[in-house]
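Trainee: what shape does this take:
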Amino acid sequence: MAVQSENIVKSKLQDILAEVSYGQICMQYFHKTPSWLYNKINRNTVNGKVAEFSEEELMQFKGALVDLSDRIRRVADTL
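Mentor: This is a model prediction of the structure:
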C-alpha cells in the first residue's frame, strides 16, 4: 500500500529539486534507474498504476537525503 494519496513528496522536495541529482541518488541508494525515482516523485502512471513510494522506500529516500546532507556539511566544514 502506498503511503501518499496526493503528491506530497514532490511538494516537499520543491526547494531542492533543481539542486540535487536524483539520478545519482537513485543509482547509489536504490540501485534502480533514474526514471524509477522520477516516476515515484511525480506519481506517474506506469503499467496502469500510479507509481508511489512504499513506506520502506520513503524511509530509504529520507535516509539518502540525510546522508547526502551530512556529506555536504562535512565538505563545507573543511572549507
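Trainee: please enumerate the helices of this structure.
Mentor: Ranges of helices in the chain, per DSSP state H, are 8-13, 22-25, 34-42, 55-78.
Trainee: pull the number of nearby residues for residue 9.
Mentor: For residue 9, the neighbour count with other CB atoms under 10 Å is 17. For the C-beta atoms, the positions are set from N, CA and C on the backbone; glycine is no exception.
Trainee: surely it meets residue 38?
Mentor: No - Residue 9 lies out of contact with residue 38 (CB atoms under 8 Å); the separation is 11.8 Å.
Trainee: return the most buried member of the helices of the chain.
Mentor: Greatest average neighbour count among the helices of the chain goes to helix 34-42 (a mean of 17), per mean count of other CB atoms under 10 Å.
Trainee: out of the helices of the chain, flag the one nearest residue 49.
Mentor: helix 34-42 (10.3 Å; CB to CB).
Trainee: and that closest one, how far from the chain's centre?
Mentor: In terms of CA atoms, centre = their mean, to the nearest Å, the centre of helix 34-42 is found 8 Å from the chain centre.
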